[in-house]
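Student: Pasting the sequence and the predicted coordinates here, then a few questions.
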Amino acid sequence: MILVLRALGVGDLATAVPALRALRAGYPGEELVLAAPAWLGPLVELVGGVDRLLPTDDLGPPPWSGPPPEVAVNLHGRGPGSHRMLAGAGRLVAFRCPPAGHRDGPDWDDDEHEVDRWCRLLDWYGIPADRTDLALRRPPAGRLPAGVTVVHPGSKVEAKRWPADRFAALARRLADRGHRVVVTGSVGERDLAARVAADAGLPRSAVLAGRTDLGELAALVAAARLVVSGDTGVGHLATAYRVPSVLLFGPVPPARWGPPADRPWHRVLWAPGEDCAAGPGVGTAAGWAALPVDRVLAAVDEAEETVRV
C-alpha cells in the first residue's frame with residue numbers, strides 16, 4: 001500500500017493532482033490510498049487513479065489499521081506533526097524535517113507555488129511529475145444548469161473574502177449584461193450568498209449555496225460560462241476544467257496558489273486594480289478589499305475575449 005496524506009480542502013486536493021498522478025504512474029501495481037476528509041470523496045473520484053479514500057480529518061495517530069504501508073507520502077505539510085503521523089511506514093517520502101527525525105528529502109520553500117512544491121518533492125525521490133497535469137474528469141451533467149456564471153463570494157478564511165456588497169454589485173452588472181448568474185457556497189455560507197443575490201436583484205433560485213454536494217459543484221463549474229471567486233476551491237475547479245475565470249487574490253499572493261500563468265482565460269487580480277498573475281510578495285487584506293468592481297468587470301471581458309478569439 002502507498003498511503004498519501006493530504007487531509008485538507010478542495011483547493012489543496014486540486015493542487016496535489018499532478019503529484020497524485022505521478023504516484024499512480026510511479027507505483028502502478030500498488031494500492032494507492034489517500035488519507036483525506038471523507039467529504040472530498042466525490043472530488044477524489046474525479047482525480048482518478050486513487051484506489052481508496054481513507055477518511056482523515058486532521059493530524060493525529062497513524063490513520064491506518066493493520067500492517068503499516070510500505071510507503072507513506074506526506075503531501076500535507078512540512079512537519080513535524082504530519083511527519084510523525086506517518087511514522088512507522090516502511091519508507092517516508094517527505095520534506096526534510098529534523099525535529100521529526102526525518103533528515104531525508106529536499107528543503108521546504110515557503111514561497112514556492114503549491115503545485116510545484118509537491119512535484120519537486122516527488123522529483124527529489126525519483127518520481128517525475130508533470131505540474132501541468134491539473135485536469136479533473138468531467139462529472140455527469142446532472143440536474144444543475146449549464147452555461148451559467150458562477151459567483152462564489154465565500155471563503156473559509158475571512159481575510160480572503162472580497163466585500164459582499166461588491167460581489168452583489170458585480171453580480172447585478174453581469175446579469176444586466178445577459179449572464180445567467182448563480183451564487184454558490186457552503187451550507188455555512190447560505191446567508192452570505194442569499195444577501196449577495198438579493199442585493200444583486202437575482203431570484204432566490206439563483207442561490208445554490210448549500211444546495212450542491214461537491215460532485216454537483218464540480219459539474220456546475222465544468223459546464224459554466226465563467227467563474228468569479230476569491231482564492232478558494234471553486235477557483236481551482238475552474239482551473240481544472242479550463243473554464244474562464246476571474247480570481248480575486250488577497251492577502252496570499254497568486255504566485256503561491258494561482259492558476260497557470262500561461263492561460264489567459266484565467267485572470268488574476270491582486271491588490272487594487274493590479275493584474276499580477278505571477279507577482280511576488282504579500283499584500284494587505286485592506287488593500288485587496290478596495291479592488292473596484294469596474295476592474296473586475298474589465299477582467300471578465302479579458303477572460304471571455306480569449307475564448308472568442
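Tutor: Noted; the coordinates are in hand.
Student: The residue nearest to residue 64 when sequence neighbours are not counted: what's it in contact with?
Tutor: Excluding the flanking residues, the one nearest residue 64 by C-beta to C-beta, 6 or more residues apart in numbering is residue 3, at 6.4 Å. Where you see a C-beta, it was placed from the backbone N, CA and C, and this is true even at glycine. Residues counted as contacts of residue 3 (C-beta atoms under 8 Å, 6 or more residues apart in numbering) are 33, 35, 54, 63, 64, 69, 71, 72, 73, 86, 89.
Student: for this protein, which spans come out with low pLDDT?
Tutor: Residue ranges of the chain with pLDDT under 70: 271-289, 309.
Student: again, only this time at 50
Tutor: Applying pLDDT under 50 to the chain picks out residues 272-283.
Student: about what we covered before: show the buried residues in the contacts of residue 3.
Tutor: Among the contacts of residue 3, those scoring as buried are 33, 35, 54, 63, 64, 69, 71, 72, 73, 86, 89 (criterion: 16 or more other C-beta atoms under 10 Å).
Student: Secondary structure and distance to residue 219 for those - can I get that in CSV?
Tutor: Listed next are the buried ones among the contacts of residue 3 as CSV, based on DSSP: H, G, I helix; E, B strand; the rest coil; distance: C-beta to C-beta, whole Å:
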residue, secondary structure, distance to residue 219
33, strand, 26
35, strand, 26
54, strand, 25
63, coil, 29
64, coil, 32
69, coil, 33
71, strand, 33
72, strand, 33
73, strand, 29
86, coil, 34
89, coil, 36
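Student: Residue 248: which of these is nearest?
Tutor: residue 35 (31.3 Å; C-beta to C-beta).
Student: ok, now how distant is that closest one from residue 133?
Tutor: Distance from residue 35 to residue 133, counting by C-beta to C-beta, to the nearest Å: 21 Å.
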